[in-house]
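Asker: with the input below, show me the fold.
(2 chains)
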Number of protein chains: 2
Amino acid sequence: MFIAALDIGGTKMAACIADASGPLLRVTQATQRSGPLDTIARQGLRLIDACCEQLGIDPALVASVGVSSCGPFALRDGLLGFMPPNLCGGLANGDDLPNDWTFLPLEVVLRERFSTVNIVNDCVAGLHGERAFGHAPANSIYVTWSTGIGFGLCVDGHILNGKANNAGHASHMLLTDDEAARCGCGNQGDLEGLLGGRNFEKRLGKPLAVIFSAARDGDTEALNTVAYAAHWFGRALYNLVSILDTEAIFVGGSVWRHNEDLLAPLVQQEISTRFEALTIGVQVQGAVLGELVTDLGAFALVMPQPWIEGWRTQKPWTTLESIALAD
Amino acid sequence: MFIAALDIGGTKMAACIADASGPLLRVTQATQRSGPLDTIARQGLRLIDACCEQLGIDPALVASVGVSSCGPFALRDGLLGFMPPNLCGGLANGDDLPNDWTFLPLEVVLRERFSTVNIVNDCVAGLHGERAFGHAPANSIYVTWSTGIGFGLCVDGHILNGKANNAGHASHMLLTDDEAARCGCGNQGDLEGLLGGRNFEKRLGKPLAVIFSAARDGDTEALNTVAYAAHWFGRALYNLVSILDTEAIFVGGSVWRHNEDLLAPLVQQEISTRFEALTIGVQVQGAVLGELVTDLGAFALVMPQPWIEGWRTQKPWTTLESIALAD
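Answerer: Sure, this is the predicted structure:
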């Protein structure tokens, strides 16, 4: 028996096939940006086929696919599709995209081929990965801080989906009324508008890497910017802790990974200095799994439970081969 | 077979006994505020006994108790107790209380008598009530806006508990840095500090009823205050919708109930004007069940599933008799 994982990002797509022993091969390609509305879903099917072909597996033997995708999602006729602003030219701010897409079908196309289809947001997939193969406890938050900011939320051992699988869009939580902190969703002053890598760099007028480097050299203005970032990031995490009563917070993404030394103590302080009854024992820590966390999470969505223990022990993904296909 | 419900509030406690046909009797008493640490838990047992005695039922036949209690909660040796600021004189701002309590055991005492004990926050109990006997869908928020503000949160049909049953303390979500909006938890600018009835009236210098009445007469300053309240309340609800992807929001509590006509359209607008992908179809509405919603929710925690359908149809709580015991 084989299962598939599909990871649909704004710039890159990855398909992966696994059996009980672990993931066998990963195939990637730039995400297509023009054509009919089902272009991306069908590209996903082709990547899965390409993966099977390389492995010499009959694609008909793959009955289940777990999907980690950029969002947000919307339901049409009870089936999930998605409307990512960074792929859909028909949405606001899509002037630089070669299409007029506003909504892309996904589940309806995948169900033509697979009997089991489970689609979640990429950060929700990340949390499924950390829960299955890392150390995330029953009440935990997974957050990726890079170009954008995304969340996966787990309460009482249940990873939250919501009415259209959009739970975890917590970066659209409003924290201030700062008009300069504009988010692609139209908000001013939400977490993504304040600190999403793309928005933050645009507002600062220089790359975050330059600022964090200057902060390490003791530059006062740069240190103030780091403190500002940690303040609002920490406040968003505190808000989530007070709402969900979570225990552990796992942070990944490029902004965090490269600057955890500077950010972690300040972010922790934003949480630990608040109402003790709600925040005692809450720990902010780096995500355990690396770049493959969303692929692993997508597998975890459709994986037979007995496989999980084996993978946890063997960590077969550490030797996974990846092939990049031409566009 | 009989079950018990216990509703522990800052000023009043209620005990109720039910069988399959519905709740049989409710006994209330002022919550005790001095004595040993187990005073309140033992008062709860006594009220249940008093209820049984009035009904002529052997208390030994009552094996399960559902508890709706003010919080926050904390775990000691794996068992839930609570540390409500309005009952514990040993906590900050407790100068007017005749005790030095900081933590009150609850579960450990109730387990001496009951084989099944399920304890949740009062607003979480309210949502259990609305789910069991009202119309709350699988992704919904229940919020009470009165002296304080409390939430129950349901995602994917699961009512959130969190690591120490404190999920739903969303009124400690920080919305501004307004130093005048002080909350009992130490925050400045969280929802409870901004709009919790007690805090808001203190800041305004007059009763909310007076202000809402003036607003109905067209007074400009009062209308501005109503708009201010709706703005921040609506923003908190929008934040929760973006985090949890909920569908319906049920609001109760005295502040809302008396002023729903003025507040509802403004609060709805705060949500509906935000990112359509996350907010479309989200409806703010009055809670369906009345004053007994938390008692009914406490029953729902420990009720055999077949009873629920019968109660939904018969609404036996509408004729429930209540007896107030002397202090």
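
Asker: what about residue A:166, distance to chain B?
Answerer: Relative to chain B, residue A:166 is positioned 4 Å away (criterion: Cβ to the nearest Cβ, to the nearest Å). For the C-beta atoms, the positions are set from N, CA and C on the backbone; glycine is no exception.

Asker: just residue A:275 next, same as before
Answerer: Remark: distance between residue A:275 and chain B (Cβ to the nearest Cβ) = 4 Å.

Asker: residues touching that residue, list them.
Answerer: A:242, B:172, B:185, B:186, B:187 (Cβ atoms under 8 Å, 6 or more residues apart in numbering or on different chains).

Asker: how about the nearest residue to the last one, chain neighbours excluded?
Answerer: Okay, so that is residue B:187. Excluding the flanking residues, the one nearest residue B:187 by Cβ to Cβ, 6 or more residues apart in numbering or on different chains is residue B:193, at 5.6 Å.

Asker: helices of the stretch 151-300 of chain A, start to end?
Answerer: Applying DSSP state H, counting those that start in this stretch to the stretch 151-300 of chain A gives helices spanning A:191-195, A:197-204, A:208-216, A:220-244, A:254-272, A:276-279, A:293-302.

Asker: compare the contacts of residue A:275 and tell me which is most surrounded.
Answerer: Among those, the one with the most neighbours (other Cβ atoms under 10 Å in any protein chain shown) is residue A:242, at 29 neighbours.

Asker: surely that one meets residue B:168?
Answerer: No - the criterion here is Cβ atoms under 8 Å, and residue A:242 misses it with residue B:168 at 9.4 Å.

Asker: among the helices of the stretch 151-300 of chain A, which is nearest residue A:61?
Answerer: Closest of the helices of the stretch 151-300 of chain A to residue A:61 is helix A:293-302, at 14.2 Å (criterion: Cβ to Cβ).

Asker: report whether that closest one contacts chain B.
Answerer: No - Helix A:293-302 stays clear of chain B (Cβ under 8 Å from any Cβ of the partner chain), getting no nearer than 14.3 Å.

Asker: give the rounded mean pLDDT of that helix.
Answerer: Mean pLDDT, computed over helix A:293-302, is 97.

Asker: again with stretch A:50-70
Answerer: Summarised as a single mean, pLDDT over stretch A:50-70 is 97.

Asker: got the buried residues for that stretch?
Answerer: Under the neighbour-count criterion of 16 or more other Cβ atoms under 10 Å in any protein chain shown, stretch A:50-70 has A:50-52, A:57, A:59, A:62, A:64-70 buried.

Asker: now do the end-to-end distance for it.
Answerer: Start-to-end span of stretch A:50-70 (Cα to Cα, to the nearest Å) is 22 Å.

Asker: can it be found next to chain B?
Answerer: No - under the criterion of Cβ under 8 Å from any Cβ, chain B is not reached by stretch A:50-70; the shortest gap measures 12.1 Å.

Asker: for the stretch 101-250 of chain A, what lies in contact range of chain B?
Answerer: Taking Cβ under 8 Å from any Cβ as the contact definition, the stretch 101-250 of chain A meets chain B at A:137-139, A:151, A:153, A:155-156, A:158, A:160-170, A:172-176, A:185-187, A:235, A:238-240, A:242-247.

Asker: let's see it at 6 Å
Answerer: Proximity of the stretch 101-250 of chain A to chain B (Cβ under 6 Å from any Cβ of the partner chain) is limited to residues A:139, A:155-156, A:158, A:160-163, A:166-167, A:169-170, A:172-174, A:185, A:235, A:239, A:242-245, A:247.

Asker: narrow those to those in strands?
Answerer: Under the assignment DSSP state E, those contribute A:155, A:158 to strands.

Asker: so which of the helices of the stretch 151-300 of chain A gets nearest residue B:112?
Answerer: Nearest of the helices of the stretch 151-300 of chain A to residue B:112, taken as Cβ to Cβ: helix A:276-279 at 25.2 Å.

Asker: show me what that closest one is packed against.
Answerer: Counting contacts by 3 or more Cβ pairs under 6 Å, 6 or more residues apart in numbering or on different chains; DSSP states H and E, helix A:276-279 is packed against no other helix or strand.

Asker: swap in 7 Å and give it another go.
Answerer: When contacts are defined as 3 or more Cβ pairs under 7 Å, 6 or more residues apart in numbering or on different chains; DSSP states H and E, helix A:276-279 sits against helix A:220-244.

Asker: correct me if wrong: residue A:289 contacts residue A:133.
Answerer: Yes - counting by Cβ atoms under 7 Å, residue A:133 is a contact partner of residue A:289 at 6.2 Å.

Asker: overlap in contacts of these two?
Answerer: By Cβ atoms under 7 Å, 6 or more residues apart in numbering or on different chains, residue A:289 and residue A:133 have these common neighbours: residue A:296.

Asker: centre of the chain to stretch A:146-165, how far?
Answerer: In terms of Cα atoms, centre = their mean, to the nearest Å, the centre of stretch A:146-165 is found 9 Å from the chain centre.

Asker: for stretch A:214-231, that is, sorry about that
Answerer: A distance of 26 Å separates the centroid of the chain from that of stretch A:214-231, by Cα atoms, centre = their mean.

Asker: give me the contacts around that stretch.
Answerer: Contacts for stretch A:214-231 (Cβ under 7 Å, 6+ apart): A:195, A:204, A:211, A:212, A:262, A:263, A:266, A:267, A:270.

Asker: stretch A:50-60 too?
Answerer: Here stretch A:50-60 makes contact (Cβ under 7 Å, 6+ apart) with A:2, A:15, A:16, A:17, A:24, A:25, A:27, A:48, A:49, A:62, A:323, A:325.

Asker: save these as JSON lines, and put in secondary structure and distance to residue B:316 too.
Answerer: Shown next, in JSON lines, are those (DSSP: H, G, I helix; E, B strand; the rest coil; distance: Cβ to Cβ, whole Å):
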{"residue": "A:2", "secondary structure": "strand", "distance to residue B:316": "55"}
{"residue": "A:15", "secondary structure": "strand", "distance to residue B:316": "56"}
{"residue": "A:16", "secondary structure": "strand", "distance to residue B:316": "55"}
{"residue": "A:17", "secondary structure": "strand", "distance to residue B:316": "57"}
{"residue": "A:24", "secondary structure": "strand", "distance to residue B:316": "60"}
{"residue": "A:25", "secondary structure": "strand", "distance to residue B:316": "62"}
{"residue": "A:27", "secondary structure": "strand", "distance to residue B:316": "61"}
{"residue": "A:48", "secondary structure": "helix", "distance to residue B:316": "56"}
{"residue": "A:49", "secondary structure": "helix", "distance to residue B:316": "60"}
{"residue": "A:62", "secondary structure": "strand", "distance to residue B:316": "53"}
{"residue": "A:323", "secondary structure": "strand", "distance to residue B:316": "66"}
{"residue": "A:325", "secondary structure": "coil", "distance to residue B:316": "65"}
